[in-house]
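Enquirer: sequence plus the predicted model coming up.
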Amino acid sequence: MSENLPSCPECSSVHTYEMGALLVCPECGHEWSPGSETDQEGTAGVVRDAVGNVLVDGDTVTVIKTLKVKGSPTGIKSGTKVRNIRIVDGADGHDIDCKIDGFGAMQLKSSVVKKA
């Protein structure tokens, strides 16, 4: 291919392809129009929850699925409220830094929480 298509704005995958008037990412399934790239770049630092709400430092979120925690027999149950989160640039998509009662300090992915 001689075309240089942009990376996916959601997961930064370089394996994007054109489907009609849209660009598609085969890894995460995100679809966008090529003209909206400038809009996406303006919101690159914005962290959104699983529903699409913008998260900021100090928000309270709710865990939407049960999470396994290494070294813990129970894990974090769905519905657990997490208060006073901090948005960070973490590794492997872990972009929320928080303290959870009974577990201590840890990082979560924004895709497993929703704004309370």
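Expert: On my side now, so go ahead.
Enquirer: could you use CA atoms for every contact and neighbour count after this?
Expert: Noted.
Enquirer: now the helices for the chain?
Expert: For the chain, the helices defined by DSSP state H cover 37-42.
Enquirer: so, low pLDDT: which residues of it?
Expert: Low-confidence segments of the chain, defined by pLDDT under 70, span residues 1-3, 35-44.
Enquirer: again, 50 this time
Expert: Scanning the chain for pLDDT under 50 picks out 1-2, 37-42.
Enquirer: for it, just list every one of the strands.
Expert: 17-19, 22-24, 31-32, 47-48, 54-55, 61-63, 81-82, 86-87, 94-100, 104-109, 113-115 (DSSP state E).
Enquirer: tabulate those (JSON lines), appending mean neighbour count and distance to residue 6.
Expert: Formatted as JSON lines, the strands of the chain follow (neighbours: other Cα atoms under 10 Å; distance: least, Cα to Cα, whole Å):
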{"stretch": "strand 17-19", "mean neighbour count": "14", "distance to residue 6": "9"}
{"stretch": "strand 22-24", "mean neighbour count": "17", "distance to residue 6": "9"}
{"stretch": "strand 31-32", "mean neighbour count": "18", "distance to residue 6": "11"}
{"stretch": "strand 47-48", "mean neighbour count": "18", "distance to residue 6": "21"}
{"stretch": "strand 54-55", "mean neighbour count": "17", "distance to residue 6": "24"}
{"stretch": "strand 61-63", "mean neighbour count": "20", "distance to residue 6": "32"}
{"stretch": "strand 81-82", "mean neighbour count": "18", "distance to residue 6": "36"}
{"stretch": "strand 86-87", "mean neighbour count": "18", "distance to residue 6": "26"}
{"stretch": "strand 94-100", "mean neighbour count": "18", "distance to residue 6": "23"}
{"stretch": "strand 104-109", "mean neighbour count": "14", "distance to residue 6": "24"}
{"stretch": "strand 113-115", "mean neighbour count": "22", "distance to residue 6": "28"}
